[in-house]
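Sequence isn't available, so here's the structure alone:
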């Protein structure tokens, strides 16, 4: 059992958990992920590591409450225990002094991105961080971003804060030269940023978040086409060359269980008591 | 006149074991074979001739004293009978169900020469089930040796090694990457062939013997083998990490939705209990027309599970019926349940709809070639014989290879570059001192009992190594 030491709500529906897991904390590195199981009938949920403290024996992860499993997890409180946390899985990020690094993060993946930004900063890089979200209330961890970055840009889909969309990135790349770009966020963001950096030949690393079950190479559901080759997100990744990933396929593959995910979510809400006035089934 | 006492007539037919009816069982995940009653077990046990020089035992990879346990059944000494089995086999409830007895112990039974051999597997299962209902007894344990052993993987090989070594007085820790023990018994073999409560019971038995099972612990990521031996203080390590890496066909369109590896499909259905979705959180999406590619036991498990989830299933196998590697019993069961087989055909390409879900596949007819020097017949495609099949779910069951994580994180551990298997000698010793391996990780995908046999031999060699080590 893995005790929740701290629970921090970053923005509505996105929580950061710090859990006791000394074995994992001792080995975790930026870029790796965990499999979290909550409840005896729970799914295996893959979540990217957002922090670790070997001395304290804790590891942190952020998650977005989108489906039944993450909503259930979001109801857990400090002091309660999670059934199973397995990790660290996947290959760590390549951290070294590249020179100027551009870190782009969107939504819940900003949390693990900042872990990498911090490591890049500590490795001697000049770090520019872009925080992206739908709109102002969903911009998270701005303060932390400023702590680990030399420059921070904010981008929202609706323009309610900072720049609207990603057009400013094109202008930025015309003015400044970057030696490496790291993108973590929704697939569409990784796809767009990779397309923007490609003409400038900036090596761009994306963190794929395909559907996973075991997370250790067994099931193959996380297969991703990279440079025309079939690779596994869990053991070959999760980070890949953004200029080589077939993002359109990845998007379709992420949606393969959508009807089931929705059903599960709706049923859980009904069970929890909905507001339709009918009694519980 | 001397009156000759008539010899009791030997019944050439084995006592049948009751099964669920095909049209009932293909709609549920309950166990298909229902086991012997006490009377049936008695009757079948009485067919055993109690050969003084039993051939059956030579057919058993773990050398279970077969006539002795059958004698116990005849005498209704069931507790004694199960104890006899457990001197050699820690997982009789599993082996009684999934061992290919027809090609092992039962193939050697002398009665088999005049009729049906004694149903050794069914009798083994009878005793194991009796024990589960009547309480488990623990065998005696040797005095502590002070030696520590790490076993990687809680599947058939690992459980066997762990049970054997803990009984010999060693301190055993078992590291399991998944969140439950059992390995392929939990994630691979379906509920209707091997109920998970029974697997859990066998894992519990090994834990009760004193083995410390740590689940959710992936060796290679948390601890490497060199770390376990240097910092963890383990005197020896056994690698039984199985063959978990799925193989794909390489045909275009294979990444479409609705195309599962056998592993993904079975992990969802068995380990994560997707057949009980949405009560359990993990879903499985299955269409109406499933094509299973492959012809082994895993393919049969996928096909039979798909039928139970409501689909009609076609098995696509590139060789002929005679060449099917699956157990006869499994093929028979599957066909009774409604499986349609398409032999001598292989996939070429998969086509999807606008949402990226598979809708049809192109196949090509195959023909068998002349046997090679080893007598194995190859296959080749028949030019111009392509045809298209409608389908909405494809399951690829063409084999698994060992997971590479341990090989990649253990310096000096020699593995076969082509198959990814860890190289071992006849007792399971690897290229590293004190490190042994066995089961699918050393042989490539094989059977539960062959993994247990390898575990048995490795445990013996490890015990000798540990006792000789200062």
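Cool, got the structure. If you're wondering where the values come from, they're calculated on a predicted model, not measured in any experiment.

and residue B:71, how many neighbours does it have?
17 (other Cβ atoms under 10 Å in any protein chain shown). Every residue, glycine included, has its C-beta placed from N, CA and C.

swap in the one 4 residues further on?
When counting by other Cβ under 10 Å, one arrives at 12 neighbours for residue B:75.

tell me which parts of the stretch 1-150 of chain A are close to chain B?
Selection of the stretch 1-150 of chain A residues close to chain B by Cβ under 8 Å from any Cβ of the partner chain yields A:23-24, A:27, A:35, A:37, A:39, A:41-44, A:68-69, A:83-89.

Can you select the buried ones from the residues you listed in ChimeraX?
Buried members of the residues of the stretch 1-150 of chain A next to chain B, identified by 16 or more other Cβ atoms under 10 Å in any protein chain shown, are gathered into one ChimeraX selection as follows:
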select /A:23,24,27,35,37,42,43,44,68,69,84,85,86,87,88,89
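
closest point of the stretch 51-200 of chain B to chain A, which residue?
residue B:179 (4.6 Å; Cβ to the nearest Cβ).

can you list the weak-confidence ranges in the chain?
Picking chain A for this. Scanning chain A with the threshold set as pLDDT under 70 gives A:272-281.

Actually, chain B is the one I wanted.
B:1-9.

Domains of it: list them as residue ranges, please.
Partitioning chain B according to automatic domain parsing yields domains covering residues B:22-134, B:148-244+B:401-468, B:248-398.

re the thing from before, narrow the residues of the stretch 1-150 of chain A next to chain B to those in helices?
Among the residues of the stretch 1-150 of chain A next to chain B, the ones falling in helices (DSSP state H) are A:23, A:24, A:27, A:68, A:69.

Pretty sure residue B:106 sits in a helix.
Yes - assessed by DSSP: H, G, I helix; E, B strand; the rest coil, residue B:106 belongs to a helix.

and among the domains of chain B, the most buried is which?
domain B:148-244+B:401-468 (a mean of 22; mean count of other Cβ atoms under 10 Å in any protein chain shown).

I'd guessed the residue of the stretch 51-200 of chain B closest to chain A sits against residue A:42; true?
No - look at residue B:179 against residue A:42 with Cβ atoms under 8 Å: they stay out of range, at 9.4 Å.

list residues touching both of those two?
residue A:83 (Cβ atoms under 8 Å, 6 or more residues apart in numbering or on different chains).

what's the spacing between stretch A:152-161 and its chain's center?
19 Å (Cα atoms, centre = their mean, to the nearest Å).

got it, and stretch B:237-244?
14 Å.

Closest one of the ones in helices among the residues of the stretch 1-150 of chain A next to chain B to residue B:110?
residue A:23 (54.0 Å; Cβ to Cβ).

Quick check: closest non-adjacent residue to that closest one.
residue B:222 (5.0 Å; Cβ to Cβ, 6 or more residues apart in numbering or on different chains).

Distance of that neighbour relative to residue B:155?
The gap separating residue B:222 from residue B:155 is 19 Å, by Cβ to Cβ, to the nearest Å.

how about the nearest residue to the residue of the stretch 51-200 of chain B closest to chain A, chain neighbours excluded?
Closest to residue B:179 by Cβ to Cβ, 6+ apart is residue A:84, at 4.6 Å.

Show me the one of the domains of chain B that comes nearest residue A:142.
Nearest of the domains of chain B (Cβ to Cβ): domain B:148-244+B:401-468, 32.7 Å.

Endpoints of that closest one, how far apart?
End-to-end span of domain B:148-244+B:401-468 (Cα to Cα, to the nearest Å): 14 Å.

cool, and stretch A:30-46?
15 Å.

can you give me how far that stretch is from the chain middle?
13 Å.

So which residue is dead centre in chain A?
When Cα atoms, centre = their mean is applied to chain A, the residue found nearest the centroid is residue A:109 (3.0 Å).

For residue A:235, see how far away residue A:31 is.
Residue A:31 is 13 Å from residue A:235, by Cβ to Cβ.

list residues touching both of those two?
Common neighbours of residue A:31 and residue A:235 (Cβ under 8 Å, 6+ apart) are A:90, A:91.

For these two, work out which one has more neighbours and name it.
With neighbours defined as other Cβ under 10 Å, residue A:31 and residue A:235 compare such that residue A:31 has more, 25 against 20.

Excluding residues flanking it in the chain, which one is nearest that one?
Residue A:31 sits nearest to residue A:93 (Cβ to Cβ, 6+ apart), 3.2 Å away.

Same question for residue B:459.
Per Cβ to Cβ, 6+ apart, closest to residue B:459 is residue B:164, 3.7 Å.

Around chain A, which positions in the stretch 101-250 of chain B sit nearby?
So far as Cβ under 8 Å from any Cβ goes, the stretch 101-250 of chain B lies against chain A at B:177-179, B:187, B:215-218, B:221-223, B:244-246, B:248, B:250.

Just the ones in strands from those residues, please.
B:245, B:246 (DSSP state E).

Report the two of the residues of the stretch 101-250 of chain B next to chain A separated the most.
B:223 and B:250 (34.9 Å).
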